[in-house]
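S.K.: sequence unknown, structure follows:
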């Protein structure tokens, strides 16, 4: 369940204008992880879609998050900006369910590992590639850096492939927030043209993830923002 879009209108007093969870988001940025999980959980939320990069194109957002980055999740007095932390918070705090793995479950260490691996080990090198291949001015682009970090990403992806050769999911034998964390990195890799570099087991895994109705709802939800706000990058 979600509320109607409000574009990039920002609150004057953060967390006091609505009882709903509020997610500040740029289309297909890291905040997509959080949007996808909100749809999986079926929680009511208010989505604020910002133009990219919000630190310069939506300067009022700095009053919400001084770093000027997305995601930013506001839940009453709680404000979080790290996508993996938001996944853990939402899955554990608001709707304890199969999307989280409890500390007394055998799959808990794997859940923590992959929840953070998706961001720190997979998305980080992709973000460096994106910067020096696309976002920087042409004279500042560095093909050698892009090539180096492509190899870093692919070498780390081997760990994902190893797990997927014996299991359909990364932790506890079921779909969890950890799959969303790693799944976003695969989404970004495909956006950057690396789909043919993904191992077969990873490509099959990605196909399964994109069959989930909540993934499609999240994709549809972000498209409801005005057309002028759709020119975004992670």
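M.R.: Arrived safely, thanks for sending. Note that the structure is predicted; figures quoted are calculated from it, not measured. Numbers count the residues shown, from 1 in each chain.

S.K.: what is the subsequent helix or strand relative to the lowest-mean-pLDDT helix or strand in the chain?
M.R.: For the chain, using mean pLDDT, DSSP states H and E, the weakest element among its helices and strands is helix 54-57, scoring a mean of 86. Per DSSP states H and E, the first helix or strand lying C-terminal to helix 54-57 is strand 72-75.

S.K.: each with direction, which strands does that following strand pair with?
M.R.: Looking at strand 72-75 with DSSP bridges, its partner strands are strand 21-25 (antiparallel), strand 78-80 (antiparallel).

S.K.: return the most buried member of the ones you listed.
M.R.: Stretch with highest mean neighbour count among the strands paired with strand 72-75: strand 21-25 (a mean of 25; mean count of other Cβ atoms under 10 Å). Yep, even glycine has a C-beta here, placed from its N, CA and C like the rest.

S.K.: and the least confident helix or strand of the chain, how far from the chain's centre?
M.R.: Relative to the centre of its chain, helix 54-57 is centred 19 Å away, using Cα atoms, centre = their mean, to the nearest Å.

S.K.: do the same with stretch 158-170
M.R.: Centroid displacement of stretch 158-170 relative to its chain, using Cα atoms, centre = their mean, is 20 Å.

S.K.: next, the contact list for the residue most central in space within the chain, please.
M.R.: Ranked by distance to the mean C-alpha position of the chain (Cα atoms, centre = their mean), the top residue is residue 33 at 2.7 Å. Residues near residue 33 by Cβ atoms under 8 Å, 6 or more residues apart in numbering: 71, 83, 84, 86, 87, 118, 180, 181, 184.

S.K.: good, we can wrap up now.
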